[in-house]
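Asker: Everything below, folded, please.
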Amino acid sequence: IDITDRKQSEERIRQSEERLNGLINTAPVGICITDESGTFESVNSTYCSIYGYTEDELVGRPFTTVVPSSKVKQWVTAHDRFIAGQADVRGEFATVTKDGRELPILADSMRMLGPDGNPRKVTFVLDITERKAAEEQLRRQEQELRTNVDQLRKAQELMQLTQKELQLSEALSRSVLESAPVGISIVNHEGAFETVNDTFCEIYGYSRDEMVGQPQTLVVPSADRTRWQQLNERFIAGPAELRGEFATLHKSGRKVVVMTDSARITGRDGLPKKVSFVIDVTRRKEAEAEIRKLSLVASKTDNGIVI
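Answerer: Model prediction:
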């Protein structure tokens with residue numbers, strides 16, 4: 001046996017393991033490693049912070065420590081199937097912190113072999129509490145705004161409001177728009193901003209005066225502007241939908257990823273308008289990209305992960 005080759009191979013493995021462990025310990029996402037039986041063998045500091053435990057409190061305990069009691073049996077079955085190579089574990093899940101608080105997470109797992117040749121489960125965890133709360137707030141605000149707009153339109157159509165009452169209803173709609181914790185914009189049938197709230201301005205770094213009257217493509221990357229204008233025209237014409245995640249543009253030029261949902265309304269002039277509800281999900285997308293990067297690095301590491 002060539003001892004030099006063996007030493008070099010061992011050194012490459014050691015360096016590879018050190019690089020991976022360094023990534024795990026400094027990663028902005030939670031990472032845990034569990035053995036075949038579901039026992040925590042390793043957790044990084046972010047994972048501990050997410051759940052409120054110390055490393056010593058988790059290592060050696062079952063992963064079901066952070067699972068709601070009603071879901072333990074289901075999760076143990078899923079873990080066993082994953083270890084056996086019969087299923088994947090990825091998606092959104094409800095977990096529980098040390099103080100008993102329910103915690104929604106986005107998780108992805110990969111199967112690795114430990115130094116003993118036995119399989120391990122490496123799980124990457126992202127706390128999505130803020131995102132879920134924002135989504136719920138978005139749904140509530142959208143419903144409130146739809147309700148106010150519908151009430152105002154019906155009142156106008158029936159001609160049953162005095163001018164004073166009409167102004168009061170419009171003031172109520174403006175109040176809902178301005179107090180919303182999500183970005184809201186109203187775009188006319190020509191694609192120009194008619195109204196934007198403070199949150200929308202904060203997301204993109206513009207003042208209200210800089211946005212109102214400008215085309216909505218102001219916040220769209222130049223390469224996407226033609227396609228975006230076509231989407232808007234189809235939406236205004238109806239009955240197309242316009243919702244999902246989109247890459248947009250901040251005043252400074254940096255990319256802003258947003259989750260958007262839009263509603264079609266008729267203005268007082270009888271022309272259609274688009275009301276858009278916007279949440280900045282840039283940080284979430286960056287964290288998801290970090291999960292994918294760590295997963296890829298781990299999958300290419302020689303001899304698995306150091307436990």
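
Asker: hey, let's count contacts and neighbours off CA atoms from now on
Answerer: Will do.

Asker: Tell me, please, the helix or strand in this structure that averages the lowest pLDDT.
Answerer: In the chain, no helix or strand scores lower on mean pLDDT, DSSP states H and E than helix 163-179, which sits at a mean of 48.

Asker: counting contacts, what elements does the helix or strand following that helix pack onto?
Answerer: Downstream of helix 163-179, the first helix or strand assigned by DSSP states H and E is strand 183-187. Packing contacts for strand 183-187, counted by 3 or more Cα pairs under 8 Å, 6 or more residues apart in numbering; DSSP states H and E, involve strand 193-196, helix 198-204, strand 272-280.

Asker: so where's the stretch 151-300 of the chain uncertain?
Answerer: Residue ranges of the stretch 151-300 of the chain with pLDDT under 70: 151-181, 292, 294-300.

Asker: List the residues that contact the closest residue in space to Ala192 that isn't next to it in sequence.
Answerer: Spatially, and ignoring its direct neighbours in sequence, Ala192 is nearest to Pro215 (4.1 Å; Cα to Cα, 6 or more residues apart in numbering). Counting by Cα atoms under 8 Å, 6 or more residues apart in numbering, Pro215 touches Gly191, Ala192, Phe193.

Asker: Can you tell me which of those residues is closest to Thr65?
Answerer: Proximity of the contacts of Pro215 to Thr65 (Cα to Cα) peaks at Phe193, which lies at 50.0 Å.

Asker: and that closest one, how many residues sit next to it?
Answerer: Neighbourhood size, Phe193 [other Cα atoms under 10 Å]: 23.

Asker: What is the burial count for the residue nearest to it when sequence neighbours are not counted?
Answerer: Using Cα to Cα, 6+ apart and skipping the chain neighbours, the partner closest in space to Phe193 is Val187 (4.5 Å). Neighbour count for Val187, taken as other Cα under 10 Å: 24.

Asker: Same check on the one 5 residues further on?
Answerer: Burial of Ala192 is recorded as 19 neighbouring residues (other Cα under 10 Å).

Asker: For it, give its distance to Gly52.
Answerer: For Ala192, the distance to Gly52 (Cα to Cα, to the nearest Å) stands at 47 Å.

Asker: got it, and Phe246?
Answerer: Using Cα to Cα, Phe246 is found at 34 Å from Gly52.

Asker: do the same with Pro221
Answerer: 40 Å.

Asker: So which of those two has more stuff around it?
Answerer: Pro221 (17 against 14).

Asker: Any figure for the gap between the nearest residue to Ser252 once chain neighbours are set aside and Pro215?
Answerer: Using Cα to Cα, 6+ apart and skipping residues adjacent in sequence, the residue nearest Ser252 is Gly205, 7.4 Å away. Per Cα to Cα, Gly205 is found 16 Å from Pro215.

Asker: Okay, strands next: where are they in the stretch 51-200 of the chain?
Answerer: Assigned by DSSP state E, counting those that start in this stretch, the stretch 51-200 of the chain shows strands spanning 90-96, 102-113, 119-127, 183-187, 193-196.

Asker: Just the buried residues of the helix or strand encompassing Tyr47, please?
Answerer: Element membership of Tyr47, judged by DSSP H and E, is helix 45-51. Judged by neighbour count using 16 or more other Cα atoms under 10 Å, the buried positions of helix 45-51 are Ser45, Thr46, Tyr47, Cys48, Ile50, Tyr51.

Asker: Throw the residues you listed into TSV and include distance to Pro68, thanks.
Answerer: TSV is the format used below for the buried residues of helix 45-51 (distance: Cα to Cα, whole Å):
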residue	distance to Pro68
Ser45	22
Thr46	20
Tyr47	17
Cys48	17
Ile50	15
Tyr51	13
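
Asker: Out of those residues, flag the one nearest to Glu290.
Answerer: Scanning those for proximity to Glu290, where the rule is Cα to Cα, the winner is Thr46, at 13.2 Å.
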